[in-house]
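1. got a structure for you, letters missing:
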């Protein structure tokens, strides 16, 4: 445990020294009493401050899904194993990435048993990132001194590329591929399974026109052929002007296809992931997009 003097503490120490010198020079009993009280308060402040920081366990929980240039929220959890509460805890956090390091603080006014707080983070680029707790401090009880502990608790996570909206064409240039032989007429064949959300550039034969009258919005027919004719996200063929834009557009497509329950795969400059659906499949593809070109960085 380390100590740092505040401005108030510095003034308090000066006053104490001044009264001590005056008491020694004059022999005034009242000044000696005042000096004793000031020193007692200083000693008690140190005792309570040290006790305040004992028995604390701090945990950091990163966000489940994080995108570059998008705000996300991490959870900081403080457990107090003492009988008495801990007061005015200041937790110093550092977000570390390949781009830069950013620091922030979060205050816990009182911790009885367990306290949690959510802290916003704003990663600026894709790739690996680390949220680290570096210090816990407290001004308690008199704000004369700051007692602090150096802590190293960290949570590593992956920051996915920033989603960049793109239209959803269903032609061969954007990788509409079937496992096996593809029907010549593309979409629009197979058994009717239900309705799904309308997306741009869908063939007219898939539009469910009656939904416009019933729901006041267009819907698309969901056919069995879609399950047999999954989508491939061909990153190299996307219209982005550079690599980062292509990865961002691919991220948008992955999120959209997952939302629409359309089986999809990935072709990342020759590295292929077969089509599938589900949270694990989505996480695998987003991780590949996030770490492309970062492994050796």
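-> Alright, I've got the coordinates. These figures come from a predicted structure and were not determined experimentally. Residues are numbered from 1 along each chain as shown.
2. all contacts plus neighbour counts: C-alpha atoms, from now on.
-> Will do.
3. which stretches of the stretch 51-200 of the chain form strands?
-> 56-61, 72-80, 86-97, 101-111, 114-121, 127-138, 145-159, 192-197 (DSSP state E, counting those that start in this stretch).
4. Let me have those in TSV, adding distance to residue 45, mean neighbour count and mean pLDDT as columns.
-> Formatted as TSV, these follow (distance: least, C-alpha to C-alpha, whole Å; neighbours: other C-alpha atoms under 10 Å; pLDDT from 0 to 100):
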stretch	distance to residue 45	mean neighbour count	mean pLDDT
strand 56-61	19	16	92
strand 72-80	20	18	94
strand 86-97	13	20	92
strand 101-111	18	14	91
strand 114-121	24	15	94
strand 127-138	12	21	92
strand 145-159	8	18	91
strand 192-197	64	13	65
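5. wait, which of these is closest to residue 168?
-> strand 192-197 (12.5 Å; C-alpha to C-alpha).
6. coming back round to it: reformat the strands of the stretch 51-200 of the chain as CSV; add distance to residue 34.
-> Shown next, in CSV, are the strands of the stretch 51-200 of the chain (distance: least, C-alpha to C-alpha, whole Å):
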stretch, distance to residue 34
strand 56-61, 35
strand 72-80, 36
strand 86-97, 28
strand 101-111, 32
strand 114-121, 40
strand 127-138, 27
strand 145-159, 20
strand 192-197, 78
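7. Looking at those strands, which is nearest to residue 42?
-> Once the strands of the stretch 51-200 of the chain are compared by C-alpha to C-alpha, strand 145-159 is nearest, at 9.3 Å.
8. follow-up on the earlier one: could you say which one of the strands of the stretch 51-200 of the chain comes nearest to residue 269?
-> Short answer: strand 127-138, nearest of these by C-alpha to C-alpha, at 17.7 Å.
9. Go ahead and confirm residue 45 touches residue 146.
-> No: if you go by C-alpha atoms under 8 Å, residue 45 and residue 146 don't touch, sitting 10.4 Å apart.
10. intersection of neighbour lists for the two?
-> residue 140 (C-alpha atoms under 8 Å, 6 or more residues apart in numbering).
11. Just tell me which of the strands of the stretch 51-200 of the chain ends up closest to residue 294.
-> That would be strand 127-138 among the strands of the stretch 51-200 of the chain, by C-alpha to C-alpha, at 6.4 Å.
12. hang on, the earlier thing: tell me which of the strands of the stretch 51-200 of the chain lies nearest to residue 277.
-> strand 192-197 (15.9 Å).
13. So, low pLDDT: which residues of this protein?
-> Flagging of the chain using pLDDT under 70 yields the residue ranges 169-194, 196-206, 208-209, 212-213, 221-230, 295-297.
14. Excluding residues flanking it in the chain, which one is nearest residue 166?
-> residue 249 (6.3 Å; C-alpha to C-alpha, 6 or more residues apart in numbering).
15. ok, now residue 255?
-> In space, residue 255 is closest to residue 282, 7.7 Å off (C-alpha to C-alpha, 6+ apart).
16. was I right about the one you found contacting residue 257?
-> No: assessed by C-alpha under 8 Å, residue 282 is found out of contact with residue 257, at 9.6 Å.
17. quick one, phi/psi of residue 162?
-> The phi and psi values for residue 162, taken as degrees, to the nearest 10, are phi -70, psi 120.
18. Actually, residue 29.
-> phi -70, psi -30.
19. Roughly how far does it sit from residue 112?
-> 43 Å (C-alpha to C-alpha, to the nearest Å).
20. between these two, which one's more packed in?
-> Neighbour totals were compared for residue 29 and residue 112, and residue 112 leads with 15 against 11 (other C-alpha atoms under 10 Å).
21. hang on, the earlier thing: nearest to residue 49, of the strands of the stretch 51-200 of the chain?
-> Nearest of those (C-alpha to C-alpha): strand 145-159, 6.5 Å.
22. Report all helices and strands that the closest one contacts.
-> strand 2-5, strand 56-61, strand 127-138, helix 279-291 (3 or more C-alpha pairs under 8 Å, 6 or more residues apart in numbering; DSSP states H and E).
23. Reformat the ones you listed as TSV; add distance to residue 17.
-> Converted to TSV, the helices and strands packed on strand 145-159 look like this (distance: least, C-alpha to C-alpha, whole Å):
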stretch	distance to residue 17
strand 2-5	15
strand 56-61	35
strand 127-138	25
helix 279-291	59
